[in-house]
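Asks: Requesting a structural model of the entry that follows:
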Amino acid sequence: MQFEDLLIKVEKPARYTGGEYNTPNMKKPHKLSFCICFPDIYEVAMSNLGIAILYDVLNKNKDIVAERCFAPWTDMGKALKENNIPLMSIETKKPLRDFDILGFSLQYEMSYTNILYMLDQANIPFRAKDRDKSYPLIVAGGPCSANPEPIADFFDIIFIGEGEEADEKLCKLVIKYGKDKQKILEEADKIDGLYVPSLAKIKDGINTKTVKKAIANLQKTSYPLKPLIPNIDIVHNRAVIELFRGCYAGCRFCQACFFYRPIRYREREEVVEYARQLLRNTGYDEIGLSSLSSGDYEEISCTISEIKELADSANVNLQLPSLRLDSFSKDLLKSARKSSLTFAPEAGTQRLRDVINKNITDEDIERTMRKAFEAGYRSIKLYFMLGLPTEQDKDILGIAEIARKINEIYYEINQKRGVRITVSIAMFIPKPLTPFQWCEQISIQEMIRRQTLLRNELKKIRNVQYKWHCAETSMLEGVFARGDRKLSLLIENAYKEGCYFDGWSEYFNFDKWQTAIKKSNINLDDYLQEKEIEKPLPWDFIDFGIKRDYLEKEYRRALEGKTSLSCKNYCRGCGANRLMECRRHKGKENA
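Replies: A predicted model of the protein is given here:
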């Protein structure tokens, strides 16, 4: 049976057909073929801004044609295997094995088995040591490169940091040296942001060779102003404008805050012009803004006002992103459609918010809710975490108290019931490159106890919907977040047991994972327990710009319940300026 014959037999065949509006010229003369691989389905992959940026950057290079391949859903994966059809690209249906480079996106630890799933579907050996020069160079990059060690054995090269410029540098090497894989690896090892696991210098299980993070200059890199328009509805079905990278806040649990430092801006005039072109080139009925904390963008109100004017003239909605409660204003409210608003208090009490350096107060929450309800909003989404360092039951019950207070404020303003409150709970996971990277992660049993405690309290409050993350997947995510190279065996054994699409609740099977854990002879407690601050960590060989002693200082301040000011106006001396000048509002140095 041919590939085209399979399309009528699977769910959502448009995931695999290609031909999207704004597809670049796939037939141009070129020296290198690159396939961007995303280990999840089309709807998730096409919502990822990083994928869109790299696809745009690579295809604008006259020497490169970049295509895409996303994880086939289980029905298509089974059909491909049964008919002995290797996994292929979306654009030209070229088998993955025939590309020069395959580049995997590392967005989420629980997608690691899907990397093996895609390699298996492509008939490519999992481990780099088992692939000779007849196979493509297999690389990876993304947020999970904050600690690449658990998946290091599967890749020839891992991009550390941001890939816009580093990707093109690697492509030049491959064009220059062709199939001389060893030469490519040796030369790549000299480039900032390129980590070659096979050339690492390992001593006592720790890499002793420093790799410096790659960082993009937003004023020099291009932006996808003619993005692919998906064939079907996707998770975030809108045009997106990136405002800036990095975050001023310094929340101690947030890996992205530190991973994407230093802070770099796209200027207001540029952002507005991007909006103009995206509205002209896409036909979306919604446009949104992307950054870690959009409310902290300089001139945010007038920027949104100008974009709103453009959007209104095109009959397009403007979607506000999740906002910090202390950066919220009525001006922002006026510019967005009256749907739901999303906020992330993260913790239920002021004490615990001080520990995590979430510099918002109960007064900020109340003031923001009043503004929202007075403006006509009646749906609020709130994000919290359970299992944070020093958390007590009264902190958990404080989450319910916030929901109760919001109900009261809505009734006070509108004299009726009817507000919709969604409380979404994630489990705290100690992530590399954060002040909490040394913390203990609570057990599955304790996760469930705390989830149940909150659920029972929220049941007493009207109009509250409660959502929570699976305790077992949260535990595994924590293991891989702070793991070492020994975990590659666990990933491989888990896949052989039938584990893939582990981020999808209907396919996650903890029994299979437990079998793989036993076969791998790995003690997960070694990865979940509190780390001694003096001992080296698996990712310490990476220079992210953030100084280790800065993270240590913030960790100690957290345990003392002390907050640190935002670096929006005052440089806190984290070290990121060593990589590139950090964009800051005017203020004192090293306050």
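Asks: Roughly how far does Tyr507 sit from Arg276?
Replies: From Tyr507 over to Arg276 the distance is 42 Å, taken as Cβ to Cβ, to the nearest Å. Using the backbone N, CA and C atoms, a C-beta is placed for each residue, glycine as well.
Asks: how deep is the nearest residue to Pro197 once chain neighbours are set aside tucked in, by neighbour count?
Replies: The shortest distance from Pro197 to any residue that is not its chain neighbour, by Cβ to Cβ, 6 or more residues apart in numbering, is 3.9 Å, and that residue is Ala152. Taking other Cβ atoms under 10 Å as the neighbour definition, Ala152 ends up with a count of 22.
Asks: and Ala152, what is it in contact with?
Replies: With contact taken as Cβ atoms under 8 Å, 6 or more residues apart in numbering, Ala152 is in contact with 158, 195, 197, 200, 485, 488.
Asks: can you pick the most crowded of these?
Replies: With neighbours defined as other Cβ under 10 Å, the most crowded of these is Tyr195; it has 29 neighbours.
Asks: Any idea what that residue is bridged to?
Replies: In this structure, Tyr195 has the following beta-bridge partners (DSSP bridges): Ile158.
Asks: and it, what does it touch?
Replies: When the contact criterion is Cβ under 8 Å, 6+ apart, the partners of Tyr195 are 145, 148, 152, 157-160, 211, 542.
Asks: and which of the residues you listed is nearest to Arg404?
Replies: The shortest separation between Arg404 and any of the contacts of Tyr195 is 41.5 Å, and it belongs to Ser145 (by Cβ to Cβ).
Asks: Kindly state the pLDDT recorded for the closest one?
Replies: Among the per-residue scores, Ser145 holds a pLDDT of 95.
Asks: does it really touch Glu162, like I thought?
Replies: No - counting by Cβ atoms under 8 Å, Ser145 sits too far from Glu162 to count as a contact (9.7 Å).
Asks: so Tyr406 makes contact with Met369?
Replies: Actually, residue 406 is Ile. It isn't Tyr. Yes - shown here, Ile406 and Met369 form a contact pair, counting by Cβ under 8 Å, at 5.4 Å.
Asks: Show me the common contact partners of these two, please.
Replies: Between them, Ile406 and Met369 have Ile380 as joint contacts when contacts are counted by Cβ under 8 Å, 6+ apart.
Asks: sorry, back to before: in TSV, list the contacts of Ala152 along with pLDDT and distance to Ala216.
Replies: Listed next are those as TSV, based on pLDDT from 0 to 100; distance: Cβ to Cβ, whole Å:
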residue	pLDDT	distance to Ala216
Ile158	98	17
Tyr195	97	17
Pro197	96	23
Ala200	93	25
Arg485	94	28
Ser488	98	29
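Asks: I'd like those as a markdown table, with distance to Pro13 appended.
Replies: As requested, the contacts of Ala152 are exported to a markdown table (distance: Cβ to Cβ, whole Å):
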| residue | distance to Pro13 |
| --- | --- |
| Ile158 | 33 |
| Tyr195 | 38 |
| Pro197 | 37 |
| Ala200 | 43 |
| Arg485 | 39 |
| Ser488 | 34 |
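Asks: Which of Tyr507 and Arg276 has more residues huddled nearby?
Replies: Neighbours around Tyr507 and Arg276, counted as other Cβ under 10 Å, are more numerous at Arg276. The numbers are 15 against 12.
Asks: show me what contacts the more buried one?
Replies: Counting by Cβ under 8 Å, 6+ apart, Arg276 has contacts Leu310.
Asks: Report the secondary structure element holding it.
Replies: helix 268-282 (DSSP states H and E).
Asks: One more: Gly19?
Replies: Gly19 belongs to no helix or strand when assigned by DSSP H and E.
Asks: thinking it is in contact with Pro230, fair?
Replies: No - proximity of Gly19 to Pro230 does not meet the contact threshold set by Cβ under 8 Å, at 11.2 Å.
Asks: and the two? which has more neighbours close in?
Replies: Pro230 (17 against 10).
Asks: My guess is that one contacts Ala45. True?
Replies: No - under the criterion of Cβ under 8 Å, Pro230 is not in contact with Ala45, lying 9.6 Å apart.
Asks: can you give me the strands for the stretch 301-450 of the chain?
Replies: Across the stretch 301-450 of the chain, reading from the start of the chain, the strands by DSSP state E, counting those that start in this stretch fall at 317-319, 341-346, 379-386, 420-427.
Asks: repeat for the stretch 101-250 of the chain
Replies: If you assign secondary structure with DSSP E, counting those that start in this stretch, the strands in the stretch 101-250 of the chain sit at 101-105, 137-141, 157-159, 194-195, 202-203, 206-207, 211-212, 239-242, 244-245.
Asks: Lovely, talk soon.
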